[in-house]
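Undergrad: Sequence first, predicted coordinates after that:
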Amino acid sequence: MKSQNYNLSKPTCFSVSEYQLHTCVHCLSFRSHNVNFLIEHCESCSAMPRPDPFKHKYVCYACTYYTYHKGNIIKHVRIHFDDKPFKCETCGYRATQRSTLNRHLRRIHAIDTNLL
């Protein structure tokens, strides 16, 4: 197995689309380019469908995805920002989640990510 020093602990911040204005499809009145404001809105927008308040604590501003956990909505929102903060240091491949990068490292570069 190949061995390289990969730093998988810290992704880069929301980058490429950082200043793109995003609009809430549920209320159509909230707009922001700041991901933190969007996440707050995902929790508080009264126009978002929440059949079960426990399961629907966070509803995505751009689609019907919902979750109870803030970490999950943060990962999900990266899809709409086209943000891929996890980068392969070997070939430049980028991923939205660390687990996807790990899968890439195992399959493409035969790197055992358990040793990283």
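TA: Perfect, I can see it now.

Undergrad: can we go C-alpha only for contacts and neighbour counts from here?
TA: Will do.

Undergrad: Give me the residue at the spatial middle of this structure.
TA: For the chain, the residue nearest the mean C-alpha position is residue 75 (2.6 Å; CA atoms, centre = their mean).

Undergrad: Buried residues of stretch 44-58, list them for me.
TA: 45, 48, 56, 57, 58 (16 or more other CA atoms under 10 Å).

Undergrad: so what's the first one closest to, chain neighbours aside?
TA: Okay, so that is residue 45. Nearest residue to residue 45, sequence neighbours excluded (CA to CA, 6 or more residues apart in numbering): residue 27, at 7.4 Å.

Undergrad: what ranges do the helices span in this structure?
TA: Under the criterion DSSP state H, the chain contains helices at 35-44, 70-81, 98-109.

Undergrad: Using the record's assignment, carve this structure into domains.
TA: Here the domain parsing of the chain from automatic domain parsing is 22-81, 86-115.

Undergrad: Check which residues of the last one are buried.
TA: Right, the one you point to is domain 86-115. Buried, per 16+ other CA under 10 Å, within domain 86-115: 86-88, 94-98, 101-102, 104-106, 111-113.
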